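Undergrad: Quick check, what structure comes out for this input:
(2 chains)
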Amino acid sequence: MTADSRKNERYNAREAEPRWQKIWDEREIFATRNDDPQPKYYVLEMFPYPSGRIHMGHVRNYTMGDVVARYKRAMGLNVLHPMGWDAFGMPAENAAMERKVHPKAWTYDNIATMKSQLQSMGLSLDWAREIATCDPGYYKHQQKMFLDFLKSGLVERKQSKVNWDPVDHTVLANEQVIDGRGWRSGALVEQRELTQWFFKISDYAQDLLAAIDTLDRWPEKVRLMQRNWIGRSEGLLVRFALDSNTTPNGESELDIFTTRHDTLFGAKFMALSPDHPLAAAAAAKNPALTEFIAECKRTGTAQELIDKAEKQGFDTGMKAIHPFDPSWKLPVYVANFILMDYGTGAIFGCPAHDQRDLDFVNKYSLGATAVVCPEGQDPKTFVITDIAYDGDGRMINSRFLDSMTIAQAKEEVARRLEKQIRGNRPVGERQINYRLRDWGISRQRYWGCPIPVIHCDTCGVVPVHEKDLPVRLPEDVDFDRPGNPLDRHPTWKSVTCPKCAKPARRETDTMDTFVDSSWYFARFTDPWIASAPTDRKMVDAWLPVDQYIGGIEHAILHLLYSRFFTRAMRATKHVGMDEPFAGLFTQGMVVHETYRRKGGDYVTPAEVKVEGAEGSRHATLIATGEPIEIGGIEKMSKSKRNTVDPDDIIATYGADTARWFMLSDSPPERDVNWTEDRVQGAARFVQRLWRLCGEVAEISKSAPAKSPVEFGTAAVVVRKAAHGALAKVSQEIDKLHFNVCVAHIYELANALGDSIGEIGSESDITSDFAWAAREAADILVQLFHPMMPHLAEECWAVLGHKTLVSVQPWPQVEPGLLIEDTITLPVQVNGKKRADVTVSRDAGNADIEAAVLMLDPVKRALEGKTPKKVIVVPQRIVNVVA
RNA sequence: GCCCCUGUGGCGGAAUUGGUAGACGCGCCAGACUCAAAAUCUGGUGGUGGCAACAUCGUGCUGGUUCGACUCCGGCCAGGGGCACCA
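TA: Residues are numbered from 1 along each chain as shown, chains lettered A, B, ... in the order given. Below is the predicted model of the structure:
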């Protein structure tokens, strides 16, 4: 190809990208060998749910992971970068109901589509390790681990509430309950108690909490969210005596949990959850209370409703006795703001120091006595009316606690109540409570991993024999009727009991899909082993994942469940570590402007033409020319129709342009706004790099094979730019600051282009410059290779290399080029910049000071005054203080 | 309600973590090439004043610490996110 013919040629991504993908594939350069002796690096992006097609969020997520994978590979590490499918879940069953396709067929079709989409992005994935969680070869091992967990006491069955649709006779997920009604039937949803399977994650509450401190490469935000979710609180369990003359069945005791036992002398009432057994007992003899409790339950569980609901209570007539004063009786209420799930489902109310309690007593005129007085306040005048005081202070109105700090008072109360014995137990016990509840994994659905147990009338719950795993999903199921197809399957349920051989029934619940995604990262380390979930040697060598990348929406459940599951796997000897993800990165969303017609219907960006500069932008519908209203920038979603299809972008501009766009400008943790202008900017840069490499290829024909001994000024300028960019990009890519890397790559391209532009004619090209330009172009291509790998291969070939840039080691910085002989320091007078001073790199402070005071702008700014002092910050700045 | 994050030109954002605010990109303006357009290239582009050198203001608002503050501290405002009426 001659230089002239190339000049007008454009880089054709549509032709080049599949070509390079094929070459990578044929040479298997992204296949990871488990026996590679290099140090390992495991980079993983959250695997997708096969919903149908990939979206721009996937493009962003997987591009970031791919940059890391390619960079770490170039750094000489043995990189594991696998991909799989979170393939079980409700949408497959919904599709089955709506479109009469089998969930399996629907899922595998989607996987095929999405796989080819991902492949068109040029991701450096090891597809040989592909996993689909709906594959019996995967869920077999999950069932095995369930049985191991069961044996180790990590699983239990217990009653729990579910949303029950009385018309469809089916259990609904929270998302299927809309305004208290079933999404399909529209029937009012009922709360029902079912016996369900649970993983005992709460056993690990303390460990999961404490270990958050060790996750120093996780975002602080996620760590905080997990801490709050686990919700540890230290308090006191207090057994209040009840006046048994006032209780329905002579009950004589009420357990409460409190973290504010210091305020015990401010108590005004006791309150029970509407779900509390004692409330139920009292209600049995009191129709009005029954009605009140029913009313509370009708309020629903939706957060918003509860938030807005007024604090309400019902006086049961029961009396509790103050633990420090037998003559002090407290009324016992049932109150709508007490949760049965937390603590003991009962509290004592101290209105002066808890806003909820204060709102409550103000409604029922029970009064409020302040028992904590803020420092500096006069206790005599300190009263509480509308706003509770929850700050620090000294105890007042509290008998033997008076004048103590809160901490001292808590200690004193705990000590006294621990010693006070009633029956055989102390009245007070120090207790630590967690908000974290056990993980209910039972789902009454078809498209999930079957729970491998058998129910026998004689033997009870019997685990399936390991040799009988997997318990496979039957394929001949129908979705004509609501409810669980497994439950109504004619034969699947019927088995013989493994213990007594009598007829028995299979468990028809399947597992929560969060179970599937709680160990896939471990399976990737050896997805071929058939005899066990993991190969201990492999899994222990590869885990933890060095860099995990995904959406913030998984900050709590997926990540916390995975942390628990890894601990459970360790307890059952399937892995040798506690924490699955050493580094976590949560990327921002992809957002886009919204467009709607006059009528209010949203229209897609593809249907709209936007014109005009910022401020005077207006849009029209391409088909009809009708004006379109430009709306806000929002997360890409089907409902807002503001999505851009990755396939369209790749077909129009190529994968590299899409990838480059995703990495440019916006910091990866923030939202990125997809705009047509910026996509075109990215596409332009692709062409510019292509032309630039062509020019350098032409110039470098006159380059010597070996590095010249001496370099002229022009060559040194280019070399400094190249090595400077190399140093910066290497540093920023490690911190995942891709947008900053992009900026430095632009700078290098600009610098190299400028240098070439300054050459008058071809005969002016010196051999040292030719060599330097060639070196700079090589570095440039290697720097953008992780981001735009196809273009990089193409440019690499144009530059005359016979190798693949994808397998090149990362270039080495020549440190000497980063050090300047002279440095230019900004000079400030009283903190305002007035001049620059250029001095030799090793100039002493006295020399710099002298040089600075000679500068005209400095003299002018000083107005003849003598400076009080001159601050010289080495290699940084000079400040003259007048 | 509580907690967290963010706030920098027309826009996305950068700033070596206390040391030249606005890198880089987008957009816009002017010019070159062209019959013309696209593409490409060159130059300009925070506000105000000035022909200019330059001056002056400027990182949500407001105080403070400092030789020096986008960066640290106090108070406020706005936007976004999370959540637990959690005793």
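
Undergrad: RNA strand B contacts on the stretch 351-500 of chain A?
TA: Residues of the stretch 351-500 of chain A that fall close to RNA strand B, judged by Cβ under 7 Å from any atom of the strand: A:354-356, A:433, A:435. (Glycine included, C-beta is placed from N, CA and C.)

Undergrad: How about the contacts made by residue A:13?
TA: Residues in contact with residue A:13 (Cβ atoms under 8 Å, 6 or more residues apart in numbering) are A:653-657, A:686, A:790-791.

Undergrad: same deal with residue A:441?
TA: When contacts are counted by Cβ under 8 Å, 6+ apart, residue A:441 touches A:196-199, A:451, A:511-512, A:514-515.

Undergrad: quick one on the thing from earlier: in PyMOL, select just the buried ones from the residues of the stretch 351-500 of chain A next to RNA strand B.
TA: Only the buried members of these enter the following PyMOL selection, criterion being 16 or more other Cβ atoms under 10 Å:
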select buried, chain A and resi 354+433+435
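
Undergrad: Need the residues of the stretch 351-500 of chain A next to RNA strand B in CSV (columns: pLDDT, secondary structure and distance to residue A:377).
TA: Listed next are those as CSV, based on pLDDT from 0 to 100; DSSP: H, G, I helix; E, B strand; the rest coil; distance: Cβ to Cβ, whole Å:
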residue, pLDDT, secondary structure, distance to residue A:377
A:354, 88, coil, 18
A:355, 83, helix, 19
A:356, 84, helix, 23
A:433, 89, strand, 31
A:435, 88, coil, 33
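
Undergrad: and which of the residues of the stretch 351-500 of chain A next to RNA strand B is nearest residue A:69?
TA: In terms of Cβ to Cβ, no member of these lies closer to residue A:69 than residue A:435, at 37.4 Å.

Undergrad: Give me the spatial nearest neighbour of the closest residue to RNA strand B within the stretch 701-850 of chain A, chain neighbours excluded.
TA: Across the stretch 701-850 of chain A, no residue is closer to RNA strand B than residue A:831, which sits at 2.8 Å (Cβ to the nearest atom of the strand). Spatial nearest neighbour of residue A:831, excluding adjacent residues (Cβ to Cβ, 6 or more residues apart in numbering): residue A:879 at 6.4 Å.

Undergrad: OK, contacts around the one you found?
TA: Contact analysis of residue A:879 by Cβ under 8 Å, 6+ apart lists A:827-831, A:870-871, A:873.

Undergrad: can you tell me which residues contact residue A:466?
TA: With contacts defined as Cβ under 8 Å, 6+ apart, the neighbours of residue A:466 are A:144, A:147.

Undergrad: Pull up the per-residue confidence for it.
TA: pLDDT for residue A:466: 94.

Undergrad: What separation do you get for the residue in the stretch 551-700 of chain A that RNA strand B sits nearest to and residue A:691?
TA: The shortest separation between the stretch 551-700 of chain A and RNA strand B is 2.6 Å, found at residue A:681 (distances taken as Cβ to the nearest atom of the strand). Residue A:681 is 16 Å from residue A:691, where distance means Cβ to Cβ, to the nearest Å.

Undergrad: and what of residue A:275?
TA: Using Cβ to Cβ, which is the criterion applied here, residue A:275 is 72 Å from residue A:691.

Undergrad: same deal with residue A:181?
TA: Taken as Cβ to Cβ, the span from residue A:181 to residue A:691 is 61 Å.

Undergrad: and residue A:692, what element?
TA: Per DSSP states H and E: residue A:692 is located in helix A:676-699.

Undergrad: what comes into contact with that helix?
TA: With contacts defined as Cβ under 8 Å, 6+ apart, helix A:676-699 is touched by A:3, A:6-7, A:10-11, A:13, A:605, A:610, A:649, A:653-654, A:656-658, A:660-661, A:664-665, A:746, A:749, A:752-753, A:756, A:765, A:769-770, A:773-774, A:776-777, A:780-781, A:784, A:788, A:791, A:794-795, A:798-800.

Undergrad: and the gap between the residue of the stretch 401-550 of chain A found nearest RNA strand B and residue A:388?
TA: Nearest residue of the stretch 401-550 of chain A to RNA strand B: residue A:435, at 3.7 Å (Cβ to the nearest atom of the strand). Counting by Cβ to Cβ, the gap between residue A:435 and residue A:388 amounts to 21 Å.

Undergrad: what pLDDT does residue A:301 get?
TA: On the pLDDT scale, residue A:301 is placed at 49.

Undergrad: same thing with the one 3 residues further on?
TA: Here, the pLDDT recorded for residue A:304 equals 44.

Undergrad: ditto for residue A:164
TA: Among the per-residue scores, residue A:164 shows a pLDDT of 79.

Undergrad: Show me what the closest residue to it other than its chain neighbours is bridged to.
TA: Counting by Cβ to Cβ, 6+ apart, residue A:192 is the residue found nearest to residue A:164 once chain neighbours are left out, at 3.9 Å. With beta bridges defined as DSSP bridges, residue A:192 has these partners: residue A:162.

Undergrad: okay but residue A:192 is in contact with residue A:159, surely?
TA: No: with contacts defined as Cβ atoms under 8 Å, residue A:192 does not count as touching residue A:159, sitting 10.1 Å away.

Undergrad: Counting neighbours, go ahead and name the busier of these two.
TA: Just comparing residue A:192 and residue A:159: by other Cβ atoms under 10 Å the higher neighbour count belongs to residue A:192, 13 against 8.

Undergrad: Stretch A:688-695 vs RNA strand B: in contact?
TA: Yes: interface with RNA strand B: stretch A:688-695 contributes residue A:688 (Cβ under 7 Å from any atom of the strand).

Undergrad: do stretch A:279-289 as well
TA: No: residues of stretch A:279-289 are not located near RNA strand B by Cβ under 7 Å from any atom of the strand, the shortest gap being 12.3 Å.
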